[in-house]
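A.B. asks: Prediction below, plus the sequence it came from.
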Amino acid sequence: MATNSIKLLASDTHNGLAGLVSKRLGTPLTNVAIKRDSNKEVSFSIGESIRDEDIFIIMQIGSGIVNDKVVELLIMINACKTASARRITAILPNFPYARQDRKDKSRAPITAKLMADMLTTAGCDHVVTMDLHASQIQGFFDIPVDNLYAEPSVVKYIRETVNIDEAIIISPDAGGAKRAAGLADRLDLNFALIHKERARANEVSRMVLVGDVTDKVCIIVDDMADTCGTLAKAAEVLLDNGAKKVIAIVTHGILSGNAIKNINNSKLDRVVCTNTVPFEEKLPQCPRLDTIDISGVLAESIRRLHNGESISYLFRNATL
């Protein structure tokens, strides 16, 4: 299969990650035209033939107006389908509505399932995402879903920037214990757990540390950072219990609301996010922010999928 049969598509907003993937693959982004009318309707067209081509649509969803980006993605997928593309793969590093994966109260929707249905109906043949909030979301689809992991890239970052001998992995809640334990095993480190009690949704009332962090560099790992209030409170608890310093590493840096203010006012040494969600404009506002580039993982997954190779290698190994 020829390399030029890969077609990379991206929206004109936040296509920084798509540009990095394009550069790594040596494949230019396909020319597209997107017009947004005054009533916010989207007109989309592809500037070249994609008949019988292998299409990969790279879309960063998670910041800004999420719903607009979701509809834009569906329109792009459907445009490729009606243009007779051979296969359409949606590259969604941060899967939208992943936190709404179950019916947690009466008369509530399972919106992650709705997202799966909409993507499939639009014409999507394959989905590639990273660090799903709940792995069972893969079962919501009737098409293949590959859930990549940021862990290999995180392991590489920690080894390059932190003194391993004095580090400890921290889970900010019970739900992330499995993730923290897996990372600790990879690095041959101990891990500790913070138990948080919530007075109401999105408001943590009390945190209790389980484990010893005295004179340790604490590395909090999580899949998502939204307002960063939990991370800021966790840093205080850890430092009060004798920690030397606290670093937070998260896969999806949503960084909404007062996130930047919370980070700047916190005792966190730094907050490290992958570039699954675009936050470049926030870097000048917060010198404590750092980035882990995952474009190499996405580029290699695209290459392997296109050539019919296994991508399980990427579950345990970081790319250059």
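C.D. replies: Yes, it's here.
A.B. asks: so where do the strands sit in the protein?
C.D. replies: With strands called from DSSP state E, the chain shows them at 6-10, 32-36, 42-46, 54-58, 87-92, 126-130, 145-148, 167-171, 191-200, 203-210, 217-225, 245-253, 270-274, 289-292.
A.B. asks: and the second one, what other elements does it pack with?
C.D. replies: Packed against strand 32-36, as judged by 3 or more CB pairs under 8 Å, 6 or more residues apart in numbering; DSSP states H and E, are the following elements: strand 42-46. Where C-beta positions appear, they are placed from N, C-alpha and C, glycine not excepted.
A.B. asks: Break the protein down into its domains, please.
C.D. replies: Domain ranges of the chain: 3-149+295-315, 151-292, per automatic domain parsing.
A.B. asks: Turn those domains into CSV, columns for mean neighbour count and mean pLDDT.
C.D. replies: Listed next are those as CSV, based on neighbours: other CB atoms under 10 Å; pLDDT from 0 to 100:
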stretch, mean neighbour count, mean pLDDT
domain 3-149+295-315, 17, 93
domain 151-292, 18, 92
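A.B. asks: So R179 is in contact with I219, correct?
C.D. replies: No - counting by CB atoms under 8 Å, R179 does not reach I219; the two are 12.0 Å apart.
A.B. asks: Using CSV, lay out the strands of the chain together with distance to E72.
C.D. replies: Listed next are the strands of the chain as CSV, based on distance: least, CB to CB, whole Å:
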stretch, distance to E72
strand 6-10, 11
strand 32-36, 7
strand 42-46, 5
strand 54-58, 10
strand 87-92, 12
strand 126-130, 16
strand 145-148, 21
strand 167-171, 35
strand 191-200, 34
strand 203-210, 33
strand 217-225, 22
strand 245-253, 19
strand 270-274, 22
strand 289-292, 24
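A.B. asks: end-to-end on stretch 7-21?
C.D. replies: For stretch 7-21, the first-to-last residue distance is 12 Å (CA to CA, to the nearest Å).
A.B. asks: Name the residues that touch it?
C.D. replies: Stretch 7-21 is touched from outside by 22, 25, 27-30, 32, 34, 46, 50, 53-60, 63-64, 69, 72-73, 76, 80, 85, 91, 93, 275-276, 278, 280, 293, 295, 298-299, 302, with contacts defined as CB atoms under 8 Å, 6 or more residues apart in numbering.
A.B. asks: mind running it again at 6 Å?
C.D. replies: Residues from elsewhere that reach stretch 7-21 (CB atoms under 6 Å, 6 or more residues apart in numbering): 22, 27, 29-30, 34, 50, 53, 55-58, 60, 72, 275, 278, 295, 298-299.
A.B. asks: Out of those residues, list just those in helices.
C.D. replies: Taking DSSP state H, the ones among those that sit in helices are 22, 72, 295, 298-299.
A.B. asks: Greatest separation within those: which pair is it?
C.D. replies: E72 and A299 (22.5 Å; CB to CB).
A.B. asks: Show me the beta-bridge partners of F44.
C.D. replies: Beta-bridge partners for F44, by DSSP bridges, are I34.
A.B. asks: right, and it touches A79 too?
C.D. replies: Yes - using CB atoms under 6 Å, F44 is in contact with A79, at 5.4 Å.
A.B. asks: Just give the nearest non-adjacent residue to Q138, would you?
C.D. replies: V145 (4.4 Å; CB to CB, 6 or more residues apart in numbering).
A.B. asks: Show me what the one you found is bridged to.
C.D. replies: V127.
A.B. asks: do S171 as well
C.D. replies: When bridges are called by DSSP bridges, S171 pairs up with L193.
A.B. asks: Touching, it and A177? I think so.
C.D. replies: Yes - S171 is within contact range of A177, at 4.8 Å (criterion: CB under 6 Å).
A.B. asks: any common contacting residues for those two?
C.D. replies: L193.
A.B. asks: Now do the contacts for D226.
C.D. replies: Contacts of D226 by CB under 6 Å, 6+ apart are 254, 256.
A.B. asks: Against K282, how distant is it?
C.D. replies: 13 Å (CB to CB, to the nearest Å).
A.B. asks: what do you get for D68?
C.D. replies: Taking CB to CB, one finds D68 at 20 Å from K282.
A.B. asks: for R179, same thing?
C.D. replies: 24 Å.
A.B. asks: And S5, by the same measure?
C.D. replies: As for S5, its distance to K282 is 37 Å (criterion: CB to CB).
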